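Can you look at this prediction? I've put the sequence above it.
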Amino acid sequence: MTNTALVVGASGIVGSATTQLLLDNGWSVAALSRHPARADGIIPVAADLQDPESLRQALADVKPTHVFLTTWSRQATEAENIRVNAAMVRNVLDALRPGGSVQHVALVTGLKHYLGPFEAYGKGSLPQTPFREEQGRLDVENFYYAQEDEVFAAAEKDGFTWSVHRPHTITGVAVGNAMNMATTLAVYASICKHTGRPFVFPGSRVQWDSLTDMTDARQLAQQLLWAATTSAAANQAFNITNGDVFRWKWMWGQIADYFGLEAADYPTTPSPLAEQMADDAPLWRQIAAESDLEEADIDRLISPWHTDADLGRPIEVVTDMSKSRLMGFTAFQASDRAFFNVFDELRRRRLIP
């Protein structure tokens, strides 16, 4: 029988990469988002994850064997993150229950499992790096934990298997995404190139000097597919990164070289992007007009708050991948190439000059 996937959040960085990989592997794919793209081989499903009735109607005739939950909704407080994002997972699984078709559910969360939610990010007593899956939950409320609990409860009720996937910062292409470091840095570099501004690293000295890792969306998609089709991976949580490590003092130079810039020395005072780019919306409209770009609204492309949060951490962040490696997942992606792939695609789509 042909596997049938429901990709929830199909228009996002992870969802779009997962949709493409599943199609390439012969799956039937239903793509769920508020405004799903229409493309060959995809069944578009338009629904509001916070509206149970909307989901029941939209999913009435959708009978997926596998569900990939790749989205979340940012709220003002962690309490609201928990309420809204747990409900979104619950609503999807409740809507699918009458069909009785689901065999496996994959949930994408992230390293806030180890680092804590935005309100307590990188603070307090944290597990030692590299982070390993057996390190338990922090003693703090976290919407990732709430999402997991919804999946676990539904799995017990409905009899499907599950997997949880914990990427580090994800690189990929998706306009309008709330957490998009690669595109944010590409827009920042393009502005520096256009104006002659120095290309200044916006993060902490610790991040500049320490080892770190990242996750290409295509690498994450490969692990999602692997876990969904590997019996030994059932009912397990997995870290997922590209498989290499780097220091930002090196990577900053690689990105600068790509854009024909000179990487500035580490600044004497912090220079977060939220401050550096605070007034750049009119400038970007000008650049977009001069270069005939497809997106003149800078807020549809950049997420300085998220990039600042990642690059401003006062601790080393490195992830252990031994668990899935020992179980047979061997995919690899060089992180500098992952950045360059995103930049190439942004140029191909005329999203940056």
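Sure thing, it's come through. Numbers count the residues shown, from 1 in each chain.

Can you list the buried residues in the strand or helix carrying Ala288?
Ala288 is located in helix 281-291, with elements delineated by DSSP states H and E. Neighbour-count burial for helix 281-291, counted by 16 or more other C-beta atoms under 10 Å, picks out Trp284, Ile287, Ala288. Yep, even glycine has a C-beta here, placed from its N, CA and C like the rest.

just the helices in this protein please.
Assigned by DSSP state H, the chain shows helices spanning 13-24, 52-58, 78-96, 112-115, 143-158, 181-195, 205-209, 217-228, 248-258, 273-276, 281-291, 304-311, 322-326, 335-348.

Go through those helices and pick out the most buried.
By mean neighbour count, with neighbours taken as mean count of other C-beta atoms under 10 Å, helix 217-228 ranks first of those at a mean of 24.

starting at the chain centroid, how far to that one?
12 Å (C-alpha atoms, centre = their mean, to the nearest Å).

what angle separates that helix from helix 181-195?
170 degrees (axes from the mean of the first three to the mean of the last three C-alpha atoms, to 10 degrees).

Low-confidence ranges, the stretch 1-150 of the chain, go.
For the stretch 1-150 of the chain, the stretches with pLDDT under 70 are 1, 121-124.

ok, Glu262 to Leu69 distance?
42 Å (C-beta to C-beta, to the nearest Å).

Would you confirm that Ile315 contacts Arg205?
No: assessed by C-beta atoms under 8 Å, Ile315 is found out of contact with Arg205, at 11.7 Å.

picking up where we left off before, Glu262 and Leu69: who's more crowded?
More crowded of Glu262 and Leu69, by other C-beta atoms under 10 Å: Leu69, with 30 against 11.

who's that one bridged to?
Listed by DSSP bridges, the beta-bridge partners for Leu69 are Val8, Leu107.

which residues does it contact?
Shown in contact with Leu69 (C-beta atoms under 8 Å, 6 or more residues apart in numbering): Val8, Gly9, Val89, Val92, Val105, Ala106, Leu107, Val108, Gln147, Val151.

related to what we said a few turns ago, out of the helices of the chain, flag the one nearest Thr65.
helix 217-228 (8.9 Å; C-beta to C-beta).

pull the CA atoms of that closest one into PDB?
Output of helix 217-228 as PDB, limited to C-alpha atoms (Å, rounded to 0.1, in the frame of the first residue of the first chain):
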ATOM      1  CA  ALA A 217      15.500  21.500   6.800                       C
ATOM      2  CA  ARG A 218      16.300  18.700   4.300                       C
ATOM      3  CA  GLN A 219      18.400  16.900   6.900                       C
ATOM      4  CA  LEU A 220      15.500  17.000   9.300                       C
ATOM      5  CA  ALA A 221      13.100  15.800   6.600                       C
ATOM      6  CA  GLN A 222      15.300  12.800   6.000                       C
ATOM      7  CA  GLN A 223      15.200  11.900   9.700                       C
ATOM      8  CA  LEU A 224      11.500  12.300   9.800                       C
ATOM      9  CA  LEU A 225      11.100   9.900   6.900                       C
ATOM     10  CA  TRP A 226      13.600   7.500   8.400                       C
ATOM     11  CA  ALA A 227      11.900   7.400  11.800                       C
ATOM     12  CA  ALA A 228       8.500   7.000  10.100                       C
END
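
pLDDT on that helix, on average?
For helix 217-228, the mean pLDDT works out to 98.

relative to helix 335-348, how tilted is it?
Between helix 217-228 and helix 335-348, the angle comes out at 110 degrees (the same axes, to 10 degrees).

counting contacts, what elements does helix 217-228 pack onto?
Contact partners of helix 217-228 among helices and strands, from 3 or more C-beta pairs under 8 Å, 6 or more residues apart in numbering; DSSP states H and E: helix 13-24, strand 66-69, strand 104-108, strand 161-167, strand 170-171, strand 236-240, helix 322-326.

Now tabulate the ones you listed in TSV and tack on distance to Ala37.
Converted to TSV, the helices and strands packed on helix 217-228 look like this (distance: least, C-beta to C-beta, whole Å):
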stretch	distance to Ala37
helix 13-24	8
strand 66-69	16
strand 104-108	19
strand 161-167	23
strand 170-171	19
strand 236-240	25
helix 322-326	30
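
and His35, which of the ones you listed is closest to it?
Nearest to His35, of all the helices and strands packed on helix 217-228, is helix 13-24, at 12.6 Å by C-beta to C-beta.

now the angle between helix 335-348 and that closest one, please.
90 degrees.

and helix 13-24, how far out from the chain's middle?
Per C-alpha atoms, centre = their mean, the centroid offset for helix 13-24 relative to its chain is 13 Å.

Need the contact partners of it.
Against helix 13-24 from outside (C-beta under 8 Å, 6+ apart): 5, 7-10, 29, 31, 33, 41-42, 68, 70-71, 108, 167, 170-174, 177, 179-180, 217-218, 220-222, 224-225.

Now do the contacts for Asp149.
Ala86.

how much space is there between it and His194?
For Asp149 relative to His194 (C-beta to C-beta), the value is 47 Å.

I'd guessed Val89 sits against Val108; true?
No: contact criterion C-beta under 8 Å: Val89 and Val108 do not qualify, at 11.1 Å.
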